[in-house]
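Student: Provided below for reference: sequence and predicted model.
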Amino acid sequence: GAVVSQHPSWVICKSGTSVKIECRSLDFQATTMFWYRQFPKQSLMLMATSNEGSKATYEQGVEKDKFLINHASLTLSTLTVTSAHPEDSSFYICSARVNSGGATDTQYFGPGTRLTVL
Amino acid sequence: AQSVTQLDSHVSVSEGTPVLLRCNYSSSYSPSLFWYVQHPNKGLQLLLKYTSAATLVKGINGFEAEFKKSETSFHLTKPSAHMSDAAEYFCVVSVRGAQKLVFGQGTRLTINP
């Protein structure tokens, strides 16, 4: 099946620093990748949709200047949390959509990155 | 707007007994529906998906779900629970032609020995 990796799997940083999280589709090309945020014992909330070669589309309430998304290739998208603060601590999950041209293409999820901001 | 409601936040069953996780959906259009499972500190794994073919969908690990349009439901079942089934389960809806997935709140499944 389609495999999506994330790096790092966990990161601890100081308040005010920036953190970059990578999302890679390992055995397929993904025109579209998605970034989600999951708080403890809660569901996933879509943050943004990332299309290769174009600007990401952010969901309402998500600060685009704080959560920078780059999708430079068909297998790599990055999320940079800029000037991180403790309230940004969360589990960040990416997914990649296998584009077979159908309207019901499945999203495959990465294992997630746990960010802790001190 | 599309939405899903998982009717139980927590389900507890004994090993070897049937599992039922309930999900109702709301959609203006013919939906695609998914069940994902998340084990602790791990990513989400697709269990099964419904895309307007057969209404009874069989997935991995013995799980299946039945799409009932009249009841707007997509409940997940398994005949016999295994200890390894303990996890968080998410019912998810996607509108045909749209890229976004909308997640339910999740149901935590506990398996008692």
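Tutor: That came through fine.
Student: enumerate the residues of chain A near chain B.
Tutor: For chain A, the contact set with chain B under C-beta under 8 Å from any C-beta of the partner chain comprises A:4, A:6, A:32, A:34, A:42-46, A:49, A:93, A:95, A:97, A:103-104, A:106-112, A:114. (C-beta placed from N, C-alpha, C; glycine too.)
Student: pull out the buried members of the residues you listed.
Tutor: Applying 16 or more other C-beta atoms under 10 Å in any protein chain shown to the residues of chain A next to chain B, the neighbour count classes A:4, A:6, A:32, A:34, A:43-44, A:46, A:49, A:93, A:95, A:97, A:104, A:106-112 as buried.
Student: inside strands: which ones of those residues?
Tutor: A:4, A:6, A:32, A:34, A:44, A:46, A:49, A:93, A:95, A:97, A:107-109 (DSSP state E).
Student: would you list every one of the helices in chain B?
Tutor: Taking DSSP state H, chain B contains no helices at all.
Student: low-confidence stretches in it?
Tutor: Applying pLDDT under 70 to chain B picks out residues B:95-98.
Student: any idea which residue is closest to the centre of it?
Tutor: B:Trp35 (3.5 Å; C-alpha atoms, centre = their mean).
Student: which residues of chain B lie near chain A?
Tutor: Counting by C-beta under 8 Å from any C-beta, chain B sits next to chain A at B:32, B:34, B:36, B:41-46, B:49, B:51, B:90, B:94, B:96-101, B:103-106.
Student: contacts only, for the closest residue to the residue nearest to the centre of chain B other than its chain neighbours.
Tutor: Sequence neighbours aside, B:Leu47 is the residue nearest to B:Trp35 in space, at 4.3 Å (criterion: C-beta to C-beta, 6 or more residues apart in numbering or on different chains). Neighbour list for B:Leu47: B:Phe34, B:Trp35, B:Tyr36, B:Val37, B:Gly59, B:Ile60, B:Asn61, B:Phe63, B:Leu76, B:Tyr89 [criterion: C-beta atoms under 8 Å, 6 or more residues apart in numbering or on different chains].
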